[in-house]
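**Student:** fold the stuff below for me.
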Amino acid sequence: MRYSTEMTEPTVPGTGGAPVPTLELVCEVVAVELGTRTVAASDRLVEDLGVESMDLVGIFAAIEDRWGIAVAEEELGEPRTVADVHALVVRNALVATGPATRRA
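**Tutor:** Numbering: from 1, shown residues only. Below you'll find the model as predicted:
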């Protein structure tokens, strides 16, 4: 899989500058994981993109692999849109003490 590396959003505090992925990069990861060309921030995961639970696990696994930002399993049902995925990733990045810290 090939992802862009440009980061323009803030870094995660207390991590030595770990980057927070932009909304555009999260859209790119979602598109790659779903095997589609484009994904918009407003796309609904289930209704517009046909995401199933295993797809969502794959999306968050790719995000964790790429940026080291873990999302707790119980939070996987929260996002409804691609923008919600980004918000959840940012929230977890900003509360983590390190880029690979899992929230309990």
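**Student:** does T38 touch V32 like I think?
**Tutor:** No - T38 is beyond contact range of V32, at 11.0 Å (criterion: CB atoms under 8 Å). In short, each C-beta sits where N, CA and C put it, glycine included.
**Student:** please identify which of the two sits among more neighbours.
**Tutor:** Taking other CB atoms under 10 Å, T38 and V32 do not tie; V32 has more neighbours (17 against 8).
**Student:** V95 versus G58, what's the distance?
**Tutor:** Using CB to CB, to the nearest Å, G58 is found at 23 Å from V95.
**Student:** averaging pLDDT per element, find the lowest-scoring helix or strand in this protein.
**Tutor:** strand 11-12 (a mean of 55; mean pLDDT, DSSP states H and E).
**Student:** now do the contacts for F60.
**Tutor:** For F60, the contact set (CB atoms under 8 Å, 6 or more residues apart in numbering) comprises V71, L76, V85.
**Student:** of those, which belong to helices?
**Tutor:** Judged by DSSP state H, helices contain the following of the contacts of F60: V85.
**Student:** before we move on, the earlier item: please say which of G58 and V95 ends up with more neighbours.
**Tutor:** Counted by other CB under 10 Å, G58 and V95 do not tie: G58 has more neighbours, with 17 against 11.
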